[in-house]
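S.K.: Sequence first, predicted model second:
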Amino acid sequence: MSSETTSNDGSMTKNFSWKGKKDFCMAQAQVIVILAIAYMGNTYPKTYPRNENHDPRMFWIMNACLAVAAACTMKREESRGGRVQLLSRAQTEEWKGWMQWAFIMYHYYRVYYVYNEIRLFVSAYVWMTGFGNFLYFDKKKDYSIERMISMWLRINYFPILLSTFLDVPLELYYVVPLHTAGFFVTMATCYICQKLEDNTGMTYWTSRFSGIGICVLVHIIFYETSMVDLLKVFSDEYYFRFQSDKYSALVGIVSALFWKKFSQYMQWAYANVDKEQTAAKWIQRFAGASCIFVWYYGFGYMTDKYIYNPLHPYVFWLGVAGWLLLRNSSKYLCELHSTALEFFGRITLETYVLQFHVFMCKNVQHIPVVIPGATANGPLFLKTANMLLCGTIFVAMAVWARKVTVTTQETVVDLWQSICHSAGYGNYHKQSSNLEVQDLVEKHSPPPRNPPSNGSTKAPETEQV
């Protein structure tokens, strides 16, 4: 980061050194190429309106293909020490992967009647933001500028460049500001909790309940009063999107608070294979299925989104809870995941923003015709081949974009550390670019009252799109 030299008077001086400079410059050169390709894709001349691509049959065929790929790539990783890991990192990526696939195919094939399910998937992503970041902050106590820079870059860097270069409003990528807001809300909530514990002598649970209570109160005051109209200053789109997910991150925070209790139940029910609690397993499955049943038949079946949308922030948790209960209803299921879906889950941020300009085009309003004859009324095999060709380019670009974004994230954080160190602000810990919050799920017990200030602060990667 920096080196020390001795001056003529014998004092030590610090020389600034940015080791990541070359990597940063190379990443920016690559991102320029990615942006240029995205621009060409977005302005591609041979297209047809996306509304003419309405095809529910192909939507379900593509989801069936994904299910086959998932089944063929199942992998079991036994938990270390015989523990049952609830919602492992791999399982989280898998979850993100199949939701993102459905989200993109919903856009591509214009399957209007699954709108409510897609709305639920978006809320599940925002739930993960509150959930994962609470686990991180509650354990690591890392409220550094580094952490904020690192996370902000990971979520916003590429979408902002894309928005600027292609001259499209950032609200087109509305999930990005949702995740950004969710991150800072969670960080502020955890900071308040920690200060209450450190400065008032509150116990761990009292401080957490108090801090989260403050967060709940602020949410209610803002979202349930006329104050919410302030969002219209930015745009009507933000006003709608933030209201739709006004409690999603908050529910994630509350879920993370009780994660230790959930984990203790999992150890009791499933850790001992010879004494697995069969009754508990089937009660859990019944509860999960019931949650999904209540969500769908109580709300999800509604065909008018204008009736469903106002109800969504208060009922989405039923679908999230139902999935988690079913997906983790045995030790074997907890240890099993699809590597194909895991791969797709790792590039959700990039596939989310690039779908608008590469897989589809003209800001997601048109379908590019790369293969001659693959028009709106063209043969199905040509249209499918066209979709697969565009999809291959699209996924390859998403992988590439993720790589250069992570490099940028790492090198900018390294630059900040170098500046601080050379300015004499002390040694700053280095954060990992791998920000996957699920690295913390295995250790979800409440932290000690006075953790060491120089402990490891390796951050997990959150792409919570």
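M.R.: Received, thanks. Numbering: from 1, shown residues only.
S.K.: Can you get me a residue count around the residue nearest to residue 246 when sequence neighbours are not counted?
M.R.: The shortest distance from residue 246 to any non-neighbouring residue, by Cβ to Cβ, 6 or more residues apart in numbering, is to residue 223 (4.4 Å). All C-beta atoms are positioned from the backbone trio N, CA, C, and that covers glycine. Residue 223: 15 surrounding residues under other Cβ atoms under 10 Å.
S.K.: Quick check, residue 223 in contact with residue 243.
M.R.: Yes - between residue 223 and residue 243 there is a contact under Cβ atoms under 8 Å: 6.6 Å.
S.K.: Next up, the contacts around the residue nearest to residue 246.
M.R.: When contacts are counted by Cβ atoms under 8 Å, 6 or more residues apart in numbering, residue 223 touches 243, 246-247.
S.K.: Just the ones of these in strands?
M.R.: Among the contacts of residue 223, DSSP state E puts none in strands.
S.K.: now the residues you listed in CSV, with distance to residue 178?
M.R.: As requested, those are exported to CSV (distance: Cβ to Cβ, whole Å):
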residue, distance to residue 178
243, 11
246, 10
247, 12
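S.K.: Who wins on neighbours among those residues?
M.R.: Neighbour tally across the contacts of residue 223 (other Cβ under 10 Å): the maximum, 24 neighbours, falls on residue 247.
S.K.: Extract the C-alpha set from stretch 50-63 and format it as CSV.
M.R.: C-alpha atoms of stretch 50-63 as CSV (Å, rounded to 0.1, in the frame of the first residue of the first chain):
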residue,chain,number,x,y,z
ARG,A,50,-41.3,-7.0,-27.4
ASN,A,51,-45.1,-7.1,-26.9
GLU,A,52,-45.2,-9.1,-30.2
ASN,A,53,-43.1,-11.8,-28.5
HIS,A,54,-45.9,-12.9,-26.1
ASP,A,55,-45.4,-16.6,-25.8
PRO,A,56,-46.4,-18.3,-22.5
ARG,A,57,-45.6,-21.8,-24.0
MET,A,58,-42.0,-20.9,-24.6
PHE,A,59,-41.7,-19.3,-21.2
TRP,A,60,-42.6,-22.6,-19.5
ILE,A,61,-40.5,-24.6,-21.9
MET,A,62,-37.4,-22.5,-21.0
ASN,A,63,-38.2,-22.9,-17.3
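S.K.: That stretch: how far from the chain's middle?
M.R.: With Cα atoms, centre = their mean, to the nearest Å as the basis, stretch 50-63 stands 26 Å off its chain's centre.
S.K.: Just the residues contacting it, thanks.
M.R.: By Cβ under 8 Å, 6+ apart, stretch 50-63 touches 101-102, 105-114, 360, 364-367, 376, 380, 384.
S.K.: Quick one: mean pLDDT over that stretch.
M.R.: Stretch 50-63 comes out with an average pLDDT of 96.
S.K.: Pull out the buried residues from it.
M.R.: Of the residues in stretch 50-63, 50, 53, 55, 58-59, 62-63 count as buried by neighbour count, 16 or more other Cβ atoms under 10 Å.
S.K.: would you turn the residues you listed into a markdown table with secondary structure and distance to residue 334?
M.R.: Shown next, in a markdown table, are the buried residues of stretch 50-63 (DSSP: H, G, I helix; E, B strand; the rest coil; distance: Cβ to Cβ, whole Å):
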| residue | secondary structure | distance to residue 334 |
| --- | --- | --- |
| 50 | helix | 39 |
| 53 | helix | 39 |
| 55 | coil | 36 |
| 58 | helix | 33 |
| 59 | helix | 30 |
| 62 | helix | 28 |
| 63 | helix | 24 |
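S.K.: Widest-spaced pair of the residues you listed?
M.R.: 50 and 63 (18.4 Å; Cβ to Cβ).
S.K.: hey, where'd the strands end up in the stretch 251-400 of the chain?
M.R.: Using DSSP state E, counting those that start in this stretch, the strands of the stretch 251-400 of the chain run over residues 336-338, 366-368.
S.K.: Give the residue spans of this protein that score low on pLDDT.
M.R.: Applying pLDDT under 70 to the chain flags the ranges 1-16, 425-465.
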